Structures are given as structure tokens and as C-alpha cells.
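In: Sequence and predicted structure below; questions after.
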Amino acid sequence: MILVPRTALDALAAPPQRFLASAWPWRSLAYLLAGVVPGLAFATVLAPARAVGGLLAVPLSLGVAALLLTPLARFERWRLRLVDRQPASGLPGGWWPGWREAGHALVAMVALWWADLLVVGAAIAGPAVLILSPVVQPIHPEGEATLGETFVGSAVGLLLVPVAAYTVAAWAGARAAMARAMLVPQEAETREIARSRARLVDAFEAERRRIERDLHDGAQQRLVALSMKLGLAGLDLPPGSPAAVRLDEARELAGQALAELRELIRGVHPQVLADRGLPAALRDVAGRSPVPTSVDVELDRRLPERVEAAAYYVACEALANVAKHSGADSCAVRGRLRGGGLVLEITDDGRGGADPARGTGLTGLADRVSAVGGTLTVESPHGGATTVRAEFPCAW
């Protein structure tokens, strides 16, 4: 099963041919190049303060640094998306920076941008000089290297390109992890919020199960009894009589209402999910999809109820979108436990172009996943396959 990496560090674990052919090396390079911008901006803006000299240099430098703290933090949160698919949370509010923004800005403007520049320069200049050595050598005939040696150097430069790609991605991943650690509230600060959210989700799921039981044991049973009584009443009437025809129509309407109620109950809380778990429930919903859908979900244990419910409804909504909008000929649902959580992917071979901004469906999916502490990403290039990936933390 192919899973979409969430970060540049995750991408490093992929097979080399897949990593090198992906966009991750280029995204990492763009991330590091963008990291040089704040440092250059700081140095440029600080130059007039240094030129003043004397006692005014220090307060002017501090004032310039303070003005740049919040914009730099916002810029860092934005560029994190290049190497980390999980969005970083925003600032607490207003334009006054907190200690996280101040600490990160200080480190970034003083030291990190130099490191970014050094890594990018070494990764690009080293292989480039070696690769271009056969071209440069005739221009400088006084050099001691022979033409054969320059071609050997060119071959070595080509071999260094993958090394440079891995180096850039590794440093970009480490930089992003450092920035996230400094700018995003840590687990200790969000633990109570997560527990409160989990309690709300559990209470909501319990209420859904209660509604499902009430509908199943109440309204559904009464409709079944009504259909049976209408059928028995029809036996006492002459076949084809007006009363028998109207009774048959009433019985048909009762049957339709019963079918709709069963679909409603399945949507509220499917019994197969409660009885047999997520893999069986996903196979059930895939079997009812008008688009041929394969299911490859391997779980060695039952997941928390809120996670199973969220994953099930994500798959239902994604498959409904495939049937309505994608024009796909086939679809695949894949799921695995990885790193203490569930990773669920729904991929189709349709025309792509899914945009969360054009409707509430994908936004609603993201909200449902976020409610249980997970993340949702959608890859849907125009004319290409669409992949909906949901990651759920699982705590037993």
C-alpha cells in the first residue's frame, strides 16, 4: 500500500526511486530558499540602525527586531506547508508576539538562515561545478585536469545529485520540526483541550447510538408490523378490487418508508460497524457504491469507537463524492495502523480537480476528522487521480 508522506522527514523513508521522483526534494529546496529571505530582510532593515552607531544603535536594533517578530512567525507558519502537510496553528491573537514568536525569530534571524544558505549552496554548487567541469575546462586551459578527468568529475557530480536531494530534504525536515516545536503549542498545553474534545465526541457518538436503537426498536418495528397487517388485510379482499388495489399501494408505501428508515439508521450508526468493526463496515459501504471499489484495510484490533465512526463517515462521504463528481471507473480504500494511529486513504482514477473552497463536503470531512484529533489532506490535480488521506490518532 502506498501512503502519502506527511512531512519531508517521512518522505525520506520512501524507496529512493520514489523519493527522488517526487516533489519533496524541490519542496525542501524551496523551503530552505524561503528561509534565507527573513535573514536578508532583517540584515537589510537593520543596516540603517547600525549606521547610526552610538547609543541609538541598540534600541533601534531591538525595535526593528520587535517589528519583525510577528510577520516572521506568520511567514514561517505559511512556508511550513512546503514540507509539512499538517497546518501549523496561528498566532494567539493580535500582532503582539509571544515568547514562541520571539524565540523563533531570534534564532532564525541570527543563525538559522545562514545554515539554510550554507546547505543550499553546498547542495547546488558542489554537484553543479563537477557536472559542468567538461564545459568549464576548455575555457580555462591552464588548469591541470585532463579532459578525461573532467568527465570523471562530471559523473561524480551526477552521483552527488541524489545525495544533495537527501541532504536538502533532511535539513529542511529538521528545520521544519524545530520551527513547529517553537511556534506550535506543545502537547502539555493542548492535552486538556484534546481530552475535552474527546469527551464531546464520545458523548455525541453515544447519542447517535441511542437514536439508532430507538429507531431500530421503535419506528422500524412498527413499520414492519404495519406492512404485515396490510398484507394480512389484503388476503380478505377480492383480488383486483378497488380496496385491494389501494391496500397494495399502502403496503408498497409502507415498504418504501421502511427501506428509507433502514438507510437512515445505517447512516446514523451502522450496525455492522458496531458489531464487526471498521474493515467489515468499509467493505459493506464499498459494496453499495456505484463505482467499483476495492477495500484493503488490515487492522489487528478494534479501534476507539469515535475513531471508527469518523473513519467510516469519511469513507462514506469520499465514496459519495467519487460517485457524484469524479467520473472515475474504479476506486480503492486502503487503511493501516502506523505510528500509533490509523491512516486511511481513498483513491480514485477520475478527473481530479476537487477543491474544498467550492463546497462544504470536504470542509465537513476535515472538521469531522479534526474533532477526533486527526488531519485530512486532499490531493486532486486536474486530470489526475484524487487521494483523500485521513490520519487518526488512536489511544487505547
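Out: Okay, I see it.

In: Let's verify residue 219: helix, strand, or coil?
Out: helix (DSSP: H, G, I helix; E, B strand; the rest coil).

In: ok, and the residue nearest to it when sequence neighbours are not counted, which helix or strand is that part of?
Out: What sits nearest to residue 219 in space, not counting adjacent residues and going by Cβ to Cβ, 6 or more residues apart in numbering, is residue 261, at 6.1 Å. (Glycine included, C-beta is placed from N, CA and C.) If you go by DSSP states H and E, residue 261 is part of helix 242-268.

In: and what of residue 382?
Out: Going by DSSP H and E, residue 382 is not part of any helix or strand.

In: What distance do you get for it to residue 350?
Out: Applying Cβ to Cβ, to the nearest Å, the value for residue 382 to residue 350 is 11 Å.

In: For the two, work out which one has more neighbours and name it.
Out: residue 350 (23 against 9; other Cβ atoms under 10 Å).

In: Is residue 278 in contact with residue 335, as I believe?
Out: Yes - if you go by Cβ atoms under 8 Å, residue 278 and residue 335 touch, sitting 7.4 Å apart.

In: ok, back up a step: what's around the residue nearest to residue 219, how many residues?
Out: By other Cβ under 10 Å, the residues close to residue 261 number 17.

In: looking at the protein, which helix or strand is least sure?
Out: Taking mean pLDDT, DSSP states H and E as the measure, the chain has helix 187-214 as its least confident helix or strand, at a mean of 62.

In: Could you list the low-pLDDT ranges of the stretch 201-350 of the chain?
Out: Per-residue confidence for the stretch 201-350 of the chain (pLDDT under 70) gives these ranges: 201-210, 212-217, 263-269.

In: who touches residue 120 in this structure?
Out: Residue 120 makes contact with 29, 32-33, 36, 168 under the criterion Cβ atoms under 8 Å, 6 or more residues apart in numbering.

In: my guess is it is in a helix, correct?
Out: Yes - counting by three-state DSSP, residue 120 falls inside a helix.

In: And it, how far from residue 29?
Out: Applying Cβ to Cβ to residue 120 and residue 29 gives a distance of 7 Å.

In: by contact count, what packs against the longest helix along the chain?
Out: Identified as the longest helix of the chain according to DSSP state H is helix 147-183. Contact analysis of helix 147-183 by 3 or more Cβ pairs under 8 Å, 6 or more residues apart in numbering; DSSP states H and E lists helix 8-11, helix 16-21, helix 24-52, helix 57-79, helix 99-107, helix 113-131, helix 133-139 as its packing neighbours.

In: show me the contacts for residue 319.
Out: 285-286, 289, 291, 293, 331, 333, 346.

In: Okay, and which of these map to helices?
Out: The members of these that map onto helices under DSSP H are 285-286.

In: from the contacts of residue 319, which is closest to residue 110?
Out: For those, the minimum distance to residue 110 (Cβ to Cβ) is 45.1 Å, reached by residue 346.

In: so the residue in the chain sticking out farthest from the centre, which of the three states?
Out: Within the chain, residue 238 marks the point farthest from the mean C-alpha position, 63.7 Å out by Cα atoms, centre = their mean. The three-state assignment at residue 238 reads coil, by three-state DSSP.

In: That one reaches residue 244, doesn't it?
Out: Yes - using Cβ under 8 Å, residue 238 makes contact with residue 244 at a distance of 6.4 Å.

In: what's the overlap in contacts for residue 120 and residue 29?
Out: Common neighbours of residue 120 and residue 29 (Cβ under 8 Å, 6+ apart) are residue 168.

In: before we move on, the earlier item: and the least confident of the contacts of residue 120?
Out: Checking pLDDT across the contacts of residue 120, the minimum falls on residue 36 at 84.

In: what about residue 375, neighbour count?
Out: 17.

In: Report the contact partners of it.
Out: Residue 375 touches 6, 85-86, 369, 390-391, counting by Cβ under 8 Å, 6+ apart.

In: Understood, closing this out.
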